[in-house]
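Pasting the sequence and the predicted coordinates here, then a few questions.
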Amino acid sequence: MPGDPFSHLDNIPAEVVQALHAHYGLDKPLFQQYVTYLYKILQFDFGFSLVYQGRSINQIILEGFPTTFLLGMQSLLLSLSLGGLTGAAFSLRKKNNSFFLVFTSLWFSMPMLVIASLLQYLFAMKLHLLPVARFDSFFHTILPTITLSLFPSAFIAKLFKASLDEVTKTEHVRFAKAKGLSAKQIFFKHLLKNACLPVIAYLGPLTIYLLTGSFIVEKIFAIPGLGMWMVLSIIARDYSVIMGLTVFFSMILLTINFLVDIAYLFLDPKIQNYVIKQPI
């Protein structure tokens, strides 16, 4: 994008703009700016906003992340619950596969902006059941949580159903049926643990989807989270806030992927045996 954080200032002398560049270190060579920035990141110092005077990126993260985290966790739980129950229901019934495909395809095809607008129009403006925006109580979180959850719910439903169908065909499940175990025992003892592995692998990309998807949702529902700060910073060309939030989200992604890998060790015996047999 052309310009810089100070290009929108009108009637400002060139000397003042140069002084601002010198104050924030923007007049130094790019390589020197890069090394200095990396050194500060190692100290968990993301710097200060170039537009919002006196606001540090650390302060912005501390203020906005709890809201984004709450919205993301609610959406994650709803996505896993709704997607898992839907996938399991259609897999165990062995019928209505065409309806399942149509049902999940509708979830896939609905853009987040359209979903949010429809929910606001129906439940807030017409039925007056839920607030249209803000984030002041639990009722304010319902519509944005549903908006964020629909797409991952559909993906999890298809993923979990396909995994259940595949595990059902394995020999140990057939043997359990031959032993006379009930459908409930087979599902919880033999199907659920193995079928959950692909869903657990999806938790890393899902977390990033919920965080980046919250940019749009927080803007639509006027939620004061990190998504709102990211959008405002992009519009204002506030590079330090953009970079600080990007690095922060990247750290979250690496942490989630690491935890997913650890979870795999406890859930998949094949991986446990492979790790144990590897020479040190």
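It's in.

Tell me who's in contact with the residue nearest to the spatial centre of the chain.
Centrality entry for the chain: nearest residue to the mean C-alpha point is Leu210, 2.2 Å, by CA atoms, centre = their mean. Leu210 makes contacts with 71-72, 75-76, 79, 148, 152, as judged by CB atoms under 8 Å, 6 or more residues apart in numbering. Placement of C-beta: from N, CA and C, glycine included.

Next up, the contacts around the residue lying closest to it once chain neighbours are set aside.
Among residues not flanking Leu210 along the chain, Gly72 sits closest, at 4.5 Å (CB to CB, 6 or more residues apart in numbering). Applying CB under 8 Å, 6+ apart, we find Gly72 in contact with 148, 207, 210-211, 214.

Helices - which of the residues you listed land there?
Using DSSP state H, the members of those that fall within helices are 148, 207, 210-211, 214.

that older thread, what does the model give the residue nearest to the centre of the chain for pLDDT?
We have a pLDDT of 81 for Leu210.

Same question for Met1.
Model confidence at Met1, given as pLDDT, is 59.

where does this protein have low pLDDT?
Along the chain, segments meeting pLDDT under 70 span 1-5, 7-10, 94-96, 267-280.

quick check: longest helix of it.
The longest helix of the chain (DSSP H) is helix 57-93.

Check the offset of that one from the chain's centre.
In this view, helix 57-93 has its centroid 8 Å away from the chain centroid, taken as CA atoms, centre = their mean, to the nearest Å.

what do you get for stretch 198-210?
8 Å.

Go through the strand or helix carrying Tyr37 and flag the buried ones.
Element membership for Tyr37 (DSSP states H and E) is helix 30-42. Buried residues in helix 30-42, defined by neighbour count with 16 or more other CB atoms under 10 Å: 37, 41.

for stretch 15-22, same thing?
Leu20.

go on, stretch 217-225?
Buried residues in stretch 217-225, counted by 16+ other CB under 10 Å: 217-221, 223, 225.

same question, stretch 158-172
158-161, 163-164, 167-168.

now the strands: where do they sit in the stretch 151-280 of the chain?
Applying DSSP state E, counting those that start in this stretch to the stretch 151-280 of the chain gives no strands.

all helices of it, in order?
For the stretch 151-280 of the chain, helices defined by DSSP state H, counting those that start in this stretch occupy the ranges 171-178, 183-186, 192-201, 203-220, 226-236, 239-267, 269-277.

Quick one, which of the ones you listed gets closest to Phe44.
helix 239-267 (9.6 Å; CB to CB).

What helices and strands are in contact with the closest one?
On a contact count with 3 or more CB pairs under 8 Å, 6 or more residues apart in numbering; DSSP states H and E, helix 239-267 meets helix 57-93, helix 192-201, helix 203-220, helix 226-236, helix 269-277.

change it to 6 Å
Judged by 3 or more CB pairs under 6 Å, 6 or more residues apart in numbering; DSSP states H and E, the packing partners of helix 239-267 are helix 57-93, helix 203-220, helix 226-236, helix 269-277.

Relative to the whole chain's centre, how far out is that helix?
Centroid displacement of helix 239-267 relative to its chain, using CA atoms, centre = their mean, is 11 Å.

And that helix, what's buried?
Using 16+ other CB under 10 Å as the test for burial, helix 239-267 gives 239-245, 248-249, 252, 256-257, 260, 264.
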